[in-house]
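take this sequence and fold it.
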Amino acid sequence: SFQMMVGIGSMRVMDIMADTTNTIAEGEVMQLLNCHDPDTTEERYMAVIHCKTAKLFEAAARLGAVLAERPREEELALARYGLHLGTAFQLIDDVLDYNASSAEMGKNIGDDLAEGKPTLPLIHAMRHGAPEEIRLIRSAIEQGGLEHIEIVTRTIESTGALDYTSRLAAKEADRAIAHLPMLPESPARDALIGLARFAVNRRY
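Okay, the predicted model is just below:
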């Protein structure tokens, strides 16, 4: 991808990709610091999403406008669209980690928990679960593994953590779509609207 980027010969493209790469690297470090830390807050977790998935989507959407030589306001609108779309996409990934089948997702239920990653459903469940449920989730995050996955999954469901995360994702998708009226009506704009809706309704 970097060879292709250099081949384009655009300093603007390289500047955007350099900034994106740096931010993603920062996000990776932040995620490593959060791993096995049950005290990770929603704000800290959302910061990781912003620096990783959202930033990557932002760059992809922005670069389309840059390469097409669209006006600055359209470039910014697409960048904001991508940022919110990436956030919605990652939040739904968090949901699917606990309610999608391995055949649909290509990974097993609770893979994030097995790696000690405190994703938003877990963070919400710890805010609203019973003391013993909270203790088990904290232990699962600290140690990694899936010893208590059934109890953790039940707690996530009973506390409404998946619904909470899905609602946040839907809001982010709506925010993404809200930036698209800046673009002229076209099949491409319709496709972007459809993509945002798919991001929050997908099962894989």
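
now Ser139. Nearest residue, chain neighbours left out?
Excluding the flanking residues, the one nearest Ser139 by CB to CB, 6 or more residues apart in numbering is His148, at 7.3 Å. Using the backbone N, CA and C atoms, a C-beta is placed for each residue, glycine as well.

wouldn't the one you found be in contact with Arg138 here?
No - between His148 and Arg138 there is no contact under CB atoms under 8 Å: 10.6 Å.

whichever strand or helix holds Ala59: which residues count as buried?
Element membership for Ala59 (DSSP states H and E) is helix 55-67. Of all the residues in helix 55-67, those buried under the rule 16 or more other CB atoms under 10 Å are Lys55, Leu56, Phe57, Glu58, Ala59, Ala60, Ala61, Arg62, Leu63, Gly64, Ala65, Val66.

check stretch 153-162 too.
If you call a residue buried by 16+ other CB under 10 Å, then stretch 153-162 has these buried ones: Thr153, Thr155, Ile156, Thr159, Ala161, Leu162.

ok, stretch 112-119 next?
For stretch 112-119, using 16+ other CB under 10 Å, the buried residues are Asp112, Leu113, Ala114, Gly116, Lys117, Pro118, Thr119.

nearest to Ala25 among these?
Lys117 (17.8 Å; CB to CB).

okay, and the helix or strand of the protein with the least pLDDT?
Each helix and strand of the chain was given a mean pLDDT (mean pLDDT, DSSP states H and E); the minimum falls on helix 102-105 at a mean of 52.

got a list of what the spatially most central residue of the chain touches?
Central residue of the chain (CA atoms, centre = their mean): Gln90, 2.1 Å from the mean position. Contact partners of Gln90, counting by CB atoms under 8 Å, 6 or more residues apart in numbering, are Ile49, Lys52, Thr53, Ala54.

one more pass at 6 Å, please.
Ile49, Thr53 (CB atoms under 6 Å, 6 or more residues apart in numbering).

do Pro131 as well
By CB under 6 Å, 6+ apart, Pro131 has no neighbours at all.

list phi and psi for His36.
phi 60, psi 20 (degrees, to the nearest 10).

ok, back up a step: among the buried residues of helix 55-67, which one sits closest to Thr20?
Ala59 (4.1 Å).

buried set for the longest helix seen in the chain?
In the chain, taking DSSP state H as the definition, the longest helix is helix 72-99. Across helix 72-99, burial judged by 16+ other CB under 10 Å covers 74-75, 77-99.

same question, stretch 169-179
Ala169, Ala170, Glu172, Ala173, Arg175, Ala176, Ile177, His179.
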